[in-house]
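[1] Structural data only, the sequence is not supplied:
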């Protein structure tokens, strides 16, 4: 009702977030560091249009994967969120 589009879903494909302003590189790097969850980081990636390249797994190069102990994970901040934040920071530094 009130939407006049030729195809169902057209309004979704062309939708944009109103009121959102893209961040500068400095603001974006700070926002990445401040993310406390994967969902926050994914939302930021989507809103900013950040493109992240896939990397091959260690098994592809026949290297034995190293399993970190819980203490090493905490000490090195080697969590999935921190690893993804690192990749997003690299993408921003290289591409934006």
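    Structure received. All values reported here derive from a predicted model rather than from experimental measurement. Residues are numbered from 1 along each chain as shown.
[2] so where does residue 23 fall, helix or strand?
    Secondary structure assigned from DSSP states H and E places residue 23 in neither a helix nor a strand.
[3] Double-check it against residue 50; I have them as touching.
    No: no contact is recorded between residue 23 and residue 50 when judged using Cβ atoms under 8 Å, the distance being 10.6 Å. Where you see a C-beta, it was placed from the backbone N, CA and C, and this is true even at glycine.
[4] Same question for the longest helix seen in the chain: list its buried residues.
    Ranked by residue count, the top helix of the chain under DSSP state H comes out as helix 80-95. When burial is assessed from 16 or more other Cβ atoms under 10 Å, helix 80-95 yields the following buried residues: 84-85, 88, 91-92.
[5] List of residues touching that helix?
    Under the contact criterion Cβ atoms under 8 Å, 6 or more residues apart in numbering, helix 80-95 has outside partners 25, 28-29, 32-33, 35, 37-38, 41, 44-45, 50-53, 55.
[6] Buried members of the residues you listed into ChimeraX, please.
    For selection in ChimeraX, the members of the contacts of helix 80-95 meeting the burial criterion (16+ other Cβ under 10 Å) are listed in this command:
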select :28,29,32,35,41,44,45,50
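[7] In helices, which of the contacts of helix 80-95 fall?
    Mapping the contacts of helix 80-95 onto helices (DSSP H) picks out 25, 28-29, 32-33, 38, 41, 44-45.
[8] and which of those residues is nearest to residue 75?
    Lowest distance from residue 75 to these (Cβ to Cβ) belongs to residue 33, with 18.5 Å.
[9] Tell me the spacing between the closest one and residue 84.
    In this structure, residue 33 and residue 84 are separated by 12 Å, where distance is defined by Cβ to Cβ, to the nearest Å.
[10] now swap in residue 93 and tell me
    Here the distance between residue 93 and residue 84 works out to 15 Å (Cβ to Cβ).
[11] just residue 43 next, same as before
    Distance, residue 43 to residue 84, using Cβ to Cβ: 13 Å.
[12] likewise residue 47?
    From residue 47 over to residue 84 (counting by Cβ to Cβ), the distance is 16 Å.
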